[in-house]
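In: What follows is a predicted structure for the sequence shown.
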Amino acid sequence: MNSCLFCSIIKGDVKGDIVYQDESVVAFRDIHPKAPVHILIVPRKHIATLLDLEQGDKGLMGDIFYAATRLAKDKGISEDGFRVVLNCGPGAGQSVYHIHFHMLGGRSFSWPPG
Ligand code: AMP
């Protein structure tokens, strides 16, 4: 767990552009943004993938989506719309194994995603 990049950002050992935090959730700007607004919303608790969620983490997921609504309004993307995405596992392109939701906004998005 010590080698987890997002744990290091949460602890402050690695610099992150943090835009929101509360007792269970931290959100920071993606270092390689794919949209004008690209924020990663992560739990403070280290959970490697969506498949590693436990019964006791259900409330945490609500905390994350509540943070997303706060951020959407705060960053001015709630009116036009935005996307929240989680990649689970290598086939979906997950590259950091600390669960995170990508919040993307500020442009139009096609469907289905690539
Ligand atoms: P995923 O591919 O879904 O695991 O997403 C990982 C995301 O983390 C990618 O969009 C990266 O650009 C982003 N990322 C990697 N390193 C950092 C970092 N130090 N600070 C912020 N975002 C990062």
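Out: Structure received. Numbering: from 1, shown residues only.

In: Next up, the contacts around Asp80.
Out: Counting by CB atoms under 8 Å, 6 or more residues apart in numbering, Asp80 makes contact with Gly105, Gly106. No exception for glycine: its C-beta is placed from N, CA and C like everyone else's.

In: Show the pLDDT at it.
Out: For Asp80, the model assigns a pLDDT of 96.

In: Assign it to helix, strand or coil.
Out: coil (DSSP: H, G, I helix; E, B strand; the rest coil).

In: Could you pull up phi and psi at it?
Out: phi -80, psi -20 (degrees, to the nearest 10).

In: mind listing the helices for this structure?
Out: Assigned by DSSP state H, the helices in the chain fall at 5-11, 58-74.

In: Reformat these as CSV; add distance to Ile41 and mean neighbour count.
Out: Output for the helices of the chain, formatted as CSV (distance: least, CB to CB, whole Å; neighbours: other CB atoms under 10 Å):
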stretch, distance to Ile41, mean neighbour count
helix 5-11, 11, 17
helix 58-74, 5, 15
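
In: what helices or strands is the longest strand along the chain leaning on?
Out: Assignment by DSSP state E gives strand 37-43 as the longest strand of the chain. Strand 37-43 makes packing contacts with helix 5-11, strand 18-21, strand 25-29, helix 58-74, strand 101-105 when contacts are defined by 3 or more CB pairs under 8 Å, 6 or more residues apart in numbering; DSSP states H and E.

In: Mean pLDDT and distance to the ligand added to the ones you listed, as a markdown table?
Out: Output for those, formatted as a markdown table (pLDDT from 0 to 100; distance: least, CB to the nearest ligand atom, whole Å):
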| stretch | mean pLDDT | distance to the ligand |
| --- | --- | --- |
| helix 5-11 | 98 | 6 |
| strand 18-21 | 98 | 10 |
| strand 25-29 | 98 | 6 |
| helix 58-74 | 97 | 14 |
| strand 101-105 | 98 | 6 |
